[in-house]
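[1] Generate coordinates for the sequence data below:
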Amino acid sequence: MTTEENKLLKQKIIDTCIQHQSDTIANLKREMDELQQMANEYGPPKDRYDSFRSQMLRRRDAFAEQLQKATEELFTLDKIKSSEVKTKVEFGSVVITNNQKLFIATSLGKINVYDDVYFCISPGVPVYKVLEGLKAGDETTFNNNKIRITAIF
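    Residues are numbered from 1 along each chain as shown. As a prediction, the model looks like this:
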């Protein structure tokens, strides 16, 4: 693929990740609103053993923590520039290996772009630590599996 095609593919990967995170954020906000509404409609606790309202508010707070993390990950994705051509495995690079295709950004898991599967991983995962700094053509081993990097952009 040409450099220009790689930039377009990388932008599509970034856009897919941003859309995924935006959808996650919208879903979390909706869940939080529903839980808050349920707690409000229920009213104050009926007696000291009545924990329904407290349970709804605890669940809402748990979703709020997830929302905070999802929002931070969205900000992280916004920092990645598709125009930057990467030559080694680092934050913001797309890494093609003999086994899989990786996007080094945040831990979003598996995404589909143009009928290909890419795994979005954060720089904190073990496989990244093994690949960090390597270039196209380099080989390494992770969990007894040989990994050969065929392309980076």
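[2] residue nearest the centroid of the chain?
    In the chain, the residue lying closest to the centroid (CA atoms, centre = their mean) is Leu108, at 2.5 Å.
[3] what's near enough to touch that residue?
    Applying CB atoms under 8 Å, 6 or more residues apart in numbering, we find Leu108 in contact with Cys17, His20, Gln21, Glu73, Cys120. For glycine as for every other residue, the C-beta is placed from the backbone atoms N, C-alpha and C.
[4] Name the nearest residue to it, ignoring sequence neighbours.
    Spatial nearest neighbour of Leu108, excluding adjacent residues (CB to CB, 6 or more residues apart in numbering): Cys120 at 3.8 Å.
[5] give me the beta-bridge partners of that neighbour?
    For Cys120, the beta-bridge partners under DSSP bridges are Phe103, Gly109.
[6] Number the residues from 579 up from this point.
    From this message on, residue numbering opens at 579, which makes the last subject Cys698.
[7] Roughly how far does it sit from Leu613?
    Summarising the geometry, the distance separating Cys698 from Leu613, computed by CB to CB, to the nearest Å, is 28 Å.
[8] try Gln597
    25 Å.
[9] which one of the two has more residues nearby?
    Set Gln597 next to Leu613 and count neighbours by other CB atoms under 10 Å: Leu613 wins out with 20 against 11.
[10] Isn't the more buried one up against Arg636?
    No: here Leu613 lies out of contact with Arg636, judged by CB atoms under 8 Å, at a distance of 9.1 Å.
[11] Quick one: mean pLDDT for the longest helix along the chain?
    Counting residues, the longest helix in the chain under DSSP state H turns out to be helix 581-620. The predicted model gives helix 581-620 an average pLDDT of 94.
[12] any idea of the angle the helix or strand following that helix forms with helix 581-620?
    On the C-terminal side of helix 581-620, the closest following helix or strand by DSSP states H and E is helix 630-656. Following axes from the mean of the first three to the mean of the last three CA atoms, to 10 degrees, one obtains 170 degrees for the angle between helix 630-656 and helix 581-620.
[13] Helix 630-656: which residues count as buried?
    The neighbour-count criterion (16 or more other CB atoms under 10 Å) identifies Arg631, Met634, Arg637, Arg638, Phe641, Leu645, Ala648, Glu651, Leu652, Thr654, Leu655 as the buried residues of helix 630-656.
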